[in-house]
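Next one to model:
(2 chains)
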Amino acid sequence: MALAGYVLAILLGAGGAAVGGAGMLGHVWHVSWPWLVPLGGLALEMDRLGGLFVALVGATSVPVSIYAVGYAGRERRGVLAYLVFVAAMLLVPVAANTMTFAIAWELMSLASYLMVVQHRTRESAHAGWVYAVMTHAALACWLAGMLLVGAWTGSARFADWAAPMSALDAGARSLAWALLAAGFLVKAGAVPAHVWLPLAHPAAPSHVSALMSGVMLKLGVYGVVRASFTWLGPAPVWWGATLLLLGAVAAVSGVLYALADRDLKRLLAYSSVENVGIVLIGVGAALAFQASAAGPLALVALVAALYHVVNHAAFKSLLFMAAGGVVRATGTRDLEAMGGLVHRMPWTAAAFFLGAAAIAALPPLNGFVSEWLMFQALLQNVRLPMPALNLVFTVAIAALALTGGLAVACFVKAYGIAFLALPRTESAASAREMPGSMRLGMAVAALACVALAVGAAGVVATLAPIAETLVPDAASVSTRGGLTVDVSSGFATLSMPAVAIALVGAFLLPLLGLTLARARPSPRRYETWGCGRLLQTARMEYTATAFANPFTRVFDFVYRPVARLDIDAHPDSRFFVQRIAYDNAPRFVVDEWLYRPAGRALRALARRAAAIQSGSPNRYLAYVLAALLLLLVLT
Amino acid sequence: MALLHVIVVGAGAPLLVGSLRTLKARLTGRRGAPVWQPYLDLRKLFGKTPVVSVTTSWVFRATPYVLAATTVVAALAAPVLSSRPPLGFAGIILVMYLFLLGTFFLALAGLDAGSAFGGMGSSRAVAVAALAEPTVILAVFALSLQASTTNLGGVVERLAGDPQLALNPAHLLAFAAFFIVMLAEAGRLPVDNPATHLELTMIHEAMVLEYSGRYLALVEWTSAMKLLLFLTLLANLFFPWGVPHVRTPVAILLGTAALVGKLAVLTTALAVLETSIAKLRLFRVPELLAGSFALALLSVTAVFLLR
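Next up is the predicted model:
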């Protein structure tokens, strides 16, 4: 039963990938069933942008569902929700009117909610609660925006919006944009609406986390892109500048929190915040360029953003799958309880390694190409004669560069502490490699990471026409000879195959040279040098917390840690210490300054409102009567 | 051409380190080892049997070769002998991320042996690399803005045609910023002291503590090459005069001579600097890097204001 469900999901994903792939290449179609539901009925419309996201959802759910076969095993709970989740995500990008979009979006949110609370622990209940609240606050935002636009344009169909909206004044359009963008950004996990993400991702089963992080967040990005580029007419510069700054904040703060975290899956969740930030930088740059009549540059930025969306789906699902295997093998998500897994789980370790290098944007893997393209787009802001905007771009460039460096540190920590050196606990020492189907799922995602890098020119050539449907302008990202990516005719060029070949060649060169010179005596195996101590144990190893310490010190204005030192001494003498506890956990500014006060205010309001809830049926009937009378008087 | 690049960078790097050490020795009143001492060290190390810890994995043994690969490819991408390097399409972003790839592997190798020293070194090394990253990108961005290309060779060619360059405030600020991060990236004083093995202060040396034999030789050699490449970038990007724009043998020869001259000046400056300042406390280093970042940001702002 469970197996059949996941096989169905694989087929669904493959079908989605095929249909979406065709749509992405220009095979557009639309269907509608006006009688099925009120308010415009169900309607689906495939265009290039929608096709890209459908293909992305489909293509990601194939390896993840293969993985799920082994991961979920005979566990039946969650199979139906998983299927609904995949199907709903396939529908969101092709929904053509408000009603269809709302149904697909809500199905996606509800199905993922059910899987977040699937484990029925205290932790997952809390995560599910926060997730539900945030999702529905978001729903209220974007639905209000859509209904407003629908009322102004007199149509619920998205395709009818652009022309009448362009005629409206800037204030109204900006109000609609703010509502829509706020709603979608919550789903995308942008700061400060990211709070659900580090709770929900670790709580869900790992194949679900892989999909939630890999593609569900991207549907939030999809909503932002649609709302900003096609629905509301020409965008003013400040929409783009806002997204740029939001993206920069999300990128830096996401990676900083990831760096300080010792829960493997929460670390990955924070790193998703970071990557969504990078995507938003690209989207914001594209909007700002387009608003400043720099269409060719907007195209570069948008291609970079879409490229990063695709890349992140590949490496983040890979990382979550590998992390899921680790969590299952060791029974913990705590990095400090892992270690040495590279010897016990070589396949998982290799998969995580590749994903870590890719997400840290290291050449010759795929993350590098999209970040490189992003830099090239941002650097060209010099062509805009607007000093204030130039400064915003410069901040974004600095943020992107800092993010790149911090991401390397973050994933050195994640891989080094979890997989290298000696196991820190019994359970880590006895970890077992994952079964075949899980390894197969990871292998597919790993291959995608490599293919998306070496085939960079092909990816750019595919994405450019999609971006051109949003920013109609001359092609400014082109490919030469099918191998080299060329940005703005010679501003910057990159040939990933050449980089890959040069790296592999230069790797083999010294190996070959040493072999030819017969200078490769086989190494002697011996213990790690330890200043004369006799035995090496895992307690000598550097921990995740210690590794992150330089960063927590440098960025303490972000983390605002509260250091607590508890020393339990023997009752008879304070010189006999029995226990030392040291805690240096970061505090979350967003929680403290935004959500706690908001929650308190809401609770106070609810307490006031509770006065009308007496519990007596007569009183409720009186309320109904009063409301009816009021309505009659008013209408 | 590619081979020539690799040979010049690979063979020149130990000489650079050797002359730097000799200069520093002379400045502190010692006689010092001969300038070719690093070659002898490398030969000795290549001949020795390496000792590898039993706790390590493939990462530890692959890292020296990956380091060599990233450094060699960075050498092929940087405008060393002419403004048309073999990987002519490359920009600073590729070069910087190649170095980050090396740092990524080296930091993992530091953790691999499971000793506290390695972890300490890795943690510090990635912290310095991460904080230096935005400065390098912004400083070179200031140059790219003036040259309107991010291609390193293109930057050299465009800037060489501008005689007033040395008086441009943006250029000077970017130079200062890049010089400071060069010290951090190449592990020189006041960020890291390559001559010490004192546990609490070392960064790079702590990370590579477990290496021996040919592995250590490769690590040392590549770190020398990294220093050479950073000094070359500093020399050729900020003082682009004398860098040939064609690949004829005579031009390359002249370009090599010009490079040697510029490197001699920079090396002397570095030696004087290193003998006259003390190492910073580890947690003061971020302040230095933040300062250099501010310089880079100012330089970019200056470009916007002065255009």
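
what about the helix or strand containing residue A:549 and chain B, touching?
Using DSSP states H and E, residue A:549 maps to helix A:544-554. Yes. Residues of helix A:544-554 contacting chain B under C-beta under 8 Å from any C-beta of the partner chain: A:546, A:547, A:548, A:549, A:550, A:551, A:553, A:554. (Glycine included, C-beta is placed from N, CA and C.)

Return the backbone torsion pair for residue A:46.
For residue A:46, the backbone dihedrals are phi -100, psi 120 (criterion: degrees, to the nearest 10).

Which of the three states applies to the nearest residue to it once chain neighbours are set aside?
Once flanking residues are discounted, residue A:46 sits nearest to residue A:23: 4.1 Å by C-beta to C-beta, 6 or more residues apart in numbering or on different chains. Classification of residue A:23 by DSSP: H, G, I helix; E, B strand; the rest coil places it in helix.

Residue A:23: neighbouring residues, count only.
25 (other C-beta atoms under 10 Å in any protein chain shown).

pretty sure it contacts residue A:53?
No. With contact defined as C-beta atoms under 8 Å, residue A:23 does not reach residue A:53; the gap is 9.5 Å.

before we move on, the earlier item: would you mind checking the residues of helix A:544-554 next to chain B for buried ones?
Neighbour-count burial (16 or more other C-beta atoms under 10 Å in any protein chain shown) is assigned, among the residues of helix A:544-554 next to chain B, to A:546, A:547, A:548, A:549, A:550, A:551, A:554.

Compile the residues you listed into CSV and extend it with columns for pLDDT.
Output for those, formatted as CSV (pLDDT from 0 to 100):
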residue, pLDDT
A:546, 88
A:547, 90
A:548, 89
A:549, 87
A:550, 88
A:551, 89
A:554, 86
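
Now the two most distant members of these.
Using C-beta to C-beta, the two most remote members of these are A:546 and A:554, lying 14.6 Å apart.

returning to what we had before: going by distance to residue A:438, which of the buried ones among the residues of helix A:544-554 next to chain B wins?
residue A:547 (27.9 Å).

so which residue of the stretch 201-350 of chain A comes closest to chain B?
residue A:342 (4.4 Å; C-beta to the nearest C-beta).

Tell me both backbone torsions, phi and psi, for whichever residue of the stretch 501-635 of chain A sits closest to chain B.
Closest residue of the stretch 501-635 of chain A to chain B, C-beta to the nearest C-beta: residue A:542 (2.2 Å). The phi and psi values for residue A:542, taken as degrees, to the nearest 10, are phi -70, psi 140.

Who's the closest spatial neighbour of residue 227, skipping the chain neighbours?
No chain specified, so I'll use chain A. What sits nearest to residue A:227 in space, not counting adjacent residues and going by C-beta to C-beta, 6+ apart, is residue A:180, at 4.0 Å.

my question was about chain B
Spatial nearest neighbour of residue B:227, chain neighbours left out: residue B:186 (4.2 Å); criterion: C-beta to C-beta, 6+ apart.

Check residue B:215 too.
Residue B:215's closest residue in space is residue B:64 (C-beta to C-beta, 6+ apart), at 4.5 Å.

That neighbour contacts residue B:223, doesn't it?
No. Assessed by C-beta under 8 Å, residue B:64 is found out of contact with residue B:223, at 10.9 Å.

So for those two, which sits in the more crowded spot?
residue B:64 (27 against 22).

Please state the offset of the helix or strand containing the more buried one from the chain centre?
Using DSSP H and E, the element containing residue B:64 is helix B:58-77. For helix B:58-77, the gap between its own C-alpha mean and the chain's C-alpha mean amounts to 14 Å (C-alpha atoms, centre = their mean, to the nearest Å).

Restricting to C-alpha, output that helix in CSV.
The C-alpha trace of helix B:58-77 is given here as CSV (Å, rounded to 0.1, in the frame of the first residue of the first chain):
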residue,chain,number,x,y,z
TRP,B,58,39.5,9.9,1.6
VAL,B,59,39.1,13.6,2.2
PHE,B,60,42.4,13.9,4.0
ARG,B,61,44.4,12.2,1.2
ALA,B,62,42.6,13.9,-1.7
THR,B,63,42.9,17.4,-0.2
PRO,B,64,46.6,18.1,-1.2
TYR,B,65,45.8,17.2,-4.8
VAL,B,66,42.6,19.2,-4.8
LEU,B,67,44.6,22.1,-3.4
ALA,B,68,47.1,21.7,-6.2
ALA,B,69,44.3,21.6,-8.8
THR,B,70,42.5,24.7,-7.6
THR,B,71,45.7,26.7,-7.3
VAL,B,72,46.9,25.6,-10.8
VAL,B,73,43.6,26.4,-12.3
ALA,B,74,43.5,29.8,-10.5
ALA,B,75,47.0,30.4,-12.0
LEU,B,76,45.7,29.6,-15.4
ALA,B,77,42.8,32.0,-14.9
